[in-house]
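Trainee: A predicted structure for the sequence below; I have some questions about it.
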Amino acid sequence: MPNLRLARRVGRIQPSATLALTARARALKAEGKDVVALTAGEPDFETPMAIRESAIESLRKGGAVGRYTPVGGTPELVQAVIGKFRRDNALEYRPEQVLVSCGAKHSIFNAIGALVDDGDEVIVPAPYWVSYPEMIRFFGGTPVVVDTSSTGFVLTPEALKRAMTPRTRLVIVNSPSNPTGAVWDRAAQQAIADAVAGTDVAVISDEIYEKLVYGGQHVAFAGLSKDACERTVTVNGVAKAYAMTGWRIGYVGGPAPVVKAMNALQSHSTSNPTTVAQLATLAALQKDPDELPRWRAQYQARRDRMVAGLNAAKGVKCATPGGAFYVFPDCRGWIGKRHGDAVLKDDAAICEALLTRALVGGVPGGEFGAPGFVRFSYAASDAEIGKAIERIQKFASELV
Ligand code: GLU
């Protein structure tokens, strides 16, 4: 047997915990267990019919749908992205500042790949989405994690400045946040923009949950000032807003030299995102689907139900998030307790017991840099949410 050595860079990363736990919950379901999987952040709604129809039509037509497109997307889609940024965010990009990729995750991967060198430091506010630190490590950088749990899950300029060193190359901003659902208001984001002004630090602003804000208003980081725009790669995509996770289309607007490097990287990996998905996205980006306001109202009602249900569970504290479709309850009150013969020594043990004993899937907060918390996605049907709450409350009442 040859001794096949793996590259050191893959030794620095772990498989995605969100995806691994989703697969685990699905496997239990396939075995016939009645699991409520609140693991993945994936809308339970159908991709709107008008979007699917436009894909079907282009497949019938043939021709271009079966061919490569330019690496960064068709000229029409690039124009639609420019139009979206103008309409929703008052941002003006030229075509060379836009790149369409295979999902927002791919956009972020390309951006980190284009910006981060060996030894560079990247400031990652915690709780963070699982993939940011992994991607940073993959490209040889060092994630500098800054805890925001004592400041309402908002990064303060003081904490940011304390974490910055001459090696800081990049700051990650993510509002609305995965996993906390926190929405950073204009003042909070402006304070971050002011803290990096005058430096050579870049910003990746992951705005994939932009359309899912309840009450407040989404703020595009690059729209704060000319300086913010010149240093920011704005990431967005169709997955969460339009129930299009499987289509894998993300996109960015950003400084032309950074986008050019991202395009070069993409040209050697995936080439263009799948053509039929680009054609479907064109329909989605020209105008928000009619379903969106109804979905948003449904998510908000589910959020309220989840927050109330979790706060009624013994030992749990849950803040009301302003956006996305996650709740992030503090379950530290459960640590050290027992459920039957299972000892809840940390959030991983909590999620294991919840999954196998209460048949509710969640993701341990430790995966997001917040041990003792658990992330539940409420992008699930009302019936599933009702079942999950009942089971979590029963589980909490059985702890000793
Ligand atoms: N972004 C979603 C989540 O956090 C989907 C899975 C993933 O890409 O991490 O659950």
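Mentor: That came through, no problem.

Trainee: can you give me the helices in the stretch 51-200 of the chain?
Mentor: 75-89, 104-115, 131-138, 157-163, 186-196 (DSSP state H, counting those that start in this stretch).

Trainee: state the mean pLDDT of stretch 201-219.
Mentor: For stretch 201-219, mean pLDDT is 96.

Trainee: how about it: buried residues?
Mentor: 201-214, 218-219 (16 or more other C-beta atoms under 10 Å). Just so you know, the C-beta spots here come from the backbone N, C-alpha and C atoms, and that holds for glycine as well.

Trainee: pick out the most distant pair among those.
Mentor: Spanning the widest gap among those are V201 and Y214, at 31.1 Å by C-beta to C-beta.

Trainee: which of the buried residues of stretch 201-219 lies closest to Y378?
Mentor: Distance to Y378, by C-beta to C-beta, is smallest for L212 among the buried residues of stretch 201-219, at 10.8 Å.

Trainee: in contact with that closest one, which residues?
Mentor: 176, 240-241, 296, 299, 323-325 (C-beta atoms under 8 Å, 6 or more residues apart in numbering).

Trainee: among the residues you listed, which lie within helices?
Mentor: Members of these lying in helices (criterion: DSSP state H): 296, 299.

Trainee: out of the contacts of L212, who's the most crowded?
Mentor: Ranked by the number of neighbours (other C-beta atoms under 10 Å), the contacts of L212 place A324 first, at 30 neighbours.

Trainee: I figured that one hits G41, correct?
Mentor: Yes: with contact defined as C-beta atoms under 8 Å, A324 counts as touching G41 (7.5 Å).

Trainee: shared neighbours of the two, anything?
Mentor: The contact sets of A324 and G41 overlap at 178, 240 (C-beta under 8 Å, 6+ apart).

Trainee: could the helices of the stretch 51-200 of the chain go into CSV alongside distance to the ligand and mean neighbour count?
Mentor: Shown next, in CSV, are the helices of the stretch 51-200 of the chain (distance: least, C-beta to the nearest ligand atom, whole Å; neighbours: other C-beta atoms under 10 Å):
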stretch, distance to the ligand, mean neighbour count
helix 75-89, 20, 19
helix 104-115, 5, 24
helix 131-138, 6, 21
helix 157-163, 24, 14
helix 186-196, 21, 18
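
Trainee: from the buried residues of stretch 201-219, which ones fall inside helices?
Mentor: Of these, none are assigned to helices by DSSP H.

Trainee: buried set for the lowest-mean-pLDDT helix or strand in the chain?
Mentor: Every helix and strand of the chain was ranked by mean pLDDT, DSSP states H and E. The lowest is helix 17-30, at a mean of 91. Using 16+ other C-beta under 10 Å as the test for burial, helix 17-30 gives 17-18, 21-22, 24-25, 28.

Trainee: residue in the stretch 201-350 of the chain nearest to the ligand?
Mentor: Nearest residue of the stretch 201-350 of the chain to the ligand, counting by C-beta to the nearest ligand atom: T245, 7.1 Å away.

Trainee: tell me the phi and psi of that residue?
Mentor: According to degrees, to the nearest 10, the main-chain angles of T245 amount to phi -60, psi -40.

Trainee: do F153 as well
Mentor: phi 60, psi 30.

Trainee: for R60, see how far away it is.
Mentor: For F153, the distance to R60 (C-beta to C-beta, to the nearest Å) stands at 47 Å.

Trainee: swap in Q300?
Mentor: For Q300 relative to R60 (C-beta to C-beta), the value is 38 Å.

Trainee: which residues touch V213?
Mentor: Counting by C-beta under 8 Å, 6+ apart, V213 has contacts 176, 183, 322-323.

Trainee: repeat that for 6 Å
Mentor: Residues in contact with V213 (C-beta atoms under 6 Å, 6 or more residues apart in numbering) are 183, 323.

Trainee: who is it paired with across the strands?
Mentor: In this entry, V213 is beta-bridged to G323, by DSSP bridges.

Trainee: quick revisit: neighbour count: F153 and R60, which is higher?
Mentor: Using other C-beta under 10 Å as the criterion, F153 and R60 rank with F153 on top: 24 against 8.

Trainee: just give the closest residue to the more buried one, not the sequence neighbours.
Mentor: Closest residue to F153 apart from its sequence neighbours, by C-beta to C-beta, 6 or more residues apart in numbering: A182 at 3.8 Å.

Trainee: quick check: that neighbour vs P364, distance?
Mentor: 19 Å.

Trainee: and Q300, by the same measure?
Mentor: 26 Å.
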